[in-house]
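Peer 1: Got a predicted structure here, sequence first:
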Amino acid sequence: MKLQIAAGLALAGMSATAWAQSSVTLYGIVDTGIEYVSHADAAGDSVVRMPGITGEVPSRWGLRGKEDLGGGLSAIFALESGFNMRSGTLNQGGRLFGRQAWVGLSSPYGNLTFGRQYTMTYWALADADLLGPDIYGGTASFDQYLPSARSDNTIVYKGSYAGFTLGATWSFGRDSTGTGNSPGQGTCVGPVPGSAQTCREWSAMLRYDLNGYGVAAAYDEQHGGAGAAANLYDGTPTFALTNSGDTDVRMQLNGYGHIADLRFGGGWLGRRVDTVSPATPNVHSDQFYLTASYPVTPAFIVDGGVYHIVNAQDDTRGTIATLRTTYQLSKQSAVYLQGAYLWNSAKAAYTVSQGGGGTTPGPGMGQLGVMAGIRHSF
């Protein structure tokens, strides 16, 4: 249950002074369970564990607030902390508010916010991939930046007009702690005097939504700098992006809709890693996905998806099929059972699980992941 803290301030004896209404909401999700992963190393050994990063939804707690300033203008903020249920430690490299930390203004013309925030890659993907940031969500298994697409030192604008949503972000230096937004992204601290594009990141989104249907397009560009790197997650070595002219670009087109109670979504995600140095190869990959969700009963939901990625440069391909069942014990609590199977091509070593590393198979090995868990929101 969300805890609402509302304060209406008034001081007796002050002449006609009106104090704005403000509110702060405490919220969170706690989610964990037990996972089995086959072929969790090059020798083909399996592992049973409590995953360290995510289950059905990553665990977090946060505060968000709003103060009415009058005339349709409001001050807004969000502070959100991700944590590891297995050991109680902070995620996002130990940041206190590693998921979100921003403040800004809301108006009839949209929101303008400042701080650590999601890029438009995250917002464009949110409705098309119905499994979302699940431990076996294929978009993230093939590219772990996608469910964590956020940046430091960022200005964000997002506004909606007659069904259209426009969004854009600009980061002066996208990652300042040495953890990266996903494994292998490296550190990129900026801005650097004399080089405005070092560690810079920007993104843009256009989407249209109407009566349960929608389409979206997004573009996200990261520039290199000292400490920056690119991980292809296919078993090939991570390589440096140290030149400010090096770029790591993600593009997407997607859509979602419904037929009666059946919801569906799908799309394309393209990644283009291009470097200035002729000694470092340019790598392009394309990912395609189709997902669906159906409420068998109001409390019992079945959803799943198929995800496929092709990386021609590394000659690696992977396909993940995922099925998830969720039973709502109440409005706030649920139990779930889910499984996924990954097919790797001969040179590929993608991993099916985002449960915290340590489950990379040998090249060409298939992989099965199964997890039973419990989730509670407040």
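Peer 2: Good, I have the coordinates.

Peer 1: neighbours around the closest residue to D134 other than its chain neighbours, how many?
Peer 2: Counting by Cβ to Cβ, 6 or more residues apart in numbering, D134 lies nearest to E56, which is 5.7 Å off, once chain neighbours are set aside. Backbone N, C-alpha and C define where each C-beta goes, glycine included. Number of residues near E56 (other Cβ atoms under 10 Å) recorded here: 25.

Peer 1: how close does E56 get to T326?
Peer 2: According to Cβ to Cβ, to the nearest Å, E56 stands 7 Å off from T326.

Peer 1: Can you pull the residues that touch both of those two?
Peer 2: By Cβ atoms under 8 Å, 6 or more residues apart in numbering, E56 and T326 have these common neighbours: 334, 336.

Peer 1: picking that back up, now that the residue nearest to D134 has come up, it's in contact with Y336, right?
Peer 2: Yes. E56 sits in contact with Y336 when judged by Cβ atoms under 8 Å, with a separation of 5.2 Å.

Peer 1: Residues in contact with both of the two, list them for me.
Peer 2: Contact criterion Cβ under 8 Å, 6+ apart; residues shared by E56 and Y336: 324, 326, 373, 375.

Peer 1: mind checking which helix or strand W123 is in?
Peer 2: Using DSSP states H and E, W123 sits in helix 120-125.

Peer 1: Now do that helix: everything it contacts.
Peer 2: When contacts are taken as Cβ under 8 Å, 6+ apart, the neighbours of helix 120-125 outside the stretch itself are 139, 145-147, 149-150, 158, 165, 167-169, 203-205, 207, 216-220, 250, 252, 254, 267, 269.

Peer 1: Cross the residues you listed against helices and list the overlap.
Peer 2: With helices taken from DSSP state H, the overlap with the contacts of helix 120-125 comprises T139.

Peer 1: all helices for the protein, in order.
Peer 2: So, for the chain - with DSSP H - the helices run 120-125, 138-142.

Peer 1: Give the rounded mean pLDDT of the shortest one.
Peer 2: In this case it means helix 138-142. Averaging the model's pLDDT scores along helix 138-142 yields 92.

Peer 1: go on, the first one?
Peer 2: When pLDDT is averaged over helix 120-125, the result is 97.

Peer 1: With just CA atoms, put that helix into CSV.
Peer 2: Once side chains and other backbone atoms are set aside, the C-alpha atoms of helix 120-125 remain, and they are given as CSV (Å, rounded to 0.1, in the frame of the first residue of the first chain):
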residue,chain,number,x,y,z
MET,A,120,14.1,7.6,-24.2
THR,A,121,15.2,4.0,-25.0
TYR,A,122,13.5,2.9,-21.8
TRP,A,123,10.3,4.8,-22.3
ALA,A,124,9.9,3.7,-25.9
LEU,A,125,10.3,0.0,-25.0
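
Peer 1: Distance from that helix to the middle of the chain?
Peer 2: The chain centre lies 8 Å from the centre of helix 120-125; the measure is Cα atoms, centre = their mean, to the nearest Å.

Peer 1: Also the shortest one?
Peer 2: Relative to the chain's own centre, helix 138-142 is displaced by 10 Å; criterion: Cα atoms, centre = their mean.

Peer 1: Residues in contact with stretch 154-164: which ones?
Peer 2: Contacts to stretch 154-164, defined as Cβ under 8 Å, 6+ apart, come from residues 102, 104, 109-119, 123, 165-172, 174, 201, 206-210.

Peer 1: just how off-centre is it within its chain?
Peer 2: Relative to its chain's centre, stretch 154-164 lies at 18 Å (Cα atoms, centre = their mean).

Peer 1: What residues sit buried inside it?
Peer 2: For stretch 154-164, burial by neighbour count (16 or more other Cβ atoms under 10 Å) applies to 154-159.

Peer 1: One more: stretch 50-69?
Peer 2: Neighbour-count burial for stretch 50-69 flags 50-67 (criterion: 16+ other Cβ under 10 Å).

Peer 1: ok, back up a step: looking at the helices of the chain, which one is packed in the most?
Peer 2: Looking across the helices of the chain with neighbours counted as mean count of other Cβ atoms under 10 Å, the highest average goes to helix 138-142: a mean of 27.

Peer 1: Which strands or helices does it pack on?
Peer 2: Packing contacts for helix 138-142, counted by 3 or more Cβ pairs under 8 Å, 6 or more residues apart in numbering; DSSP states H and E, involve strand 283-295, strand 300-311, strand 316-328.

Peer 1: of all these, which lies closest to Q21?
Peer 2: Set against Q21 and scored by Cβ to Cβ, those come closest in strand 316-328, at 33.2 Å.

Peer 1: now that closest one: mean pLDDT?
Peer 2: Mean pLDDT, strand 316-328: 98.

Peer 1: okay, it in PDB with CA atoms only?
Peer 2: Extracted C-alpha coordinates of strand 316-328, given in PDB (Å, rounded to 0.1, in the frame of the first residue of the first chain):
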ATOM      1  CA  THR A 316      26.700 -14.800 -33.400                       C
ATOM      2  CA  ARG A 317      22.900 -15.400 -33.200                       C
ATOM      3  CA  GLY A 318      20.600 -16.200 -30.400                       C
ATOM      4  CA  THR A 319      16.900 -17.000 -29.800                       C
ATOM      5  CA  ILE A 320      15.100 -17.000 -26.500                       C
ATOM      6  CA  ALA A 321      11.600 -18.300 -25.900                       C
ATOM      7  CA  THR A 322      10.000 -17.300 -22.500                       C
ATOM      8  CA  LEU A 323       6.800 -18.400 -20.700                       C
ATOM      9  CA  ARG A 324       5.700 -16.800 -17.400                       C
ATOM     10  CA  THR A 325       2.700 -17.500 -15.200                       C
ATOM     11  CA  THR A 326       1.700 -15.100 -12.400                       C
ATOM     12  CA  TYR A 327      -1.000 -15.600  -9.700                       C
ATOM     13  CA  GLN A 328      -2.200 -12.500  -7.800                       C
END
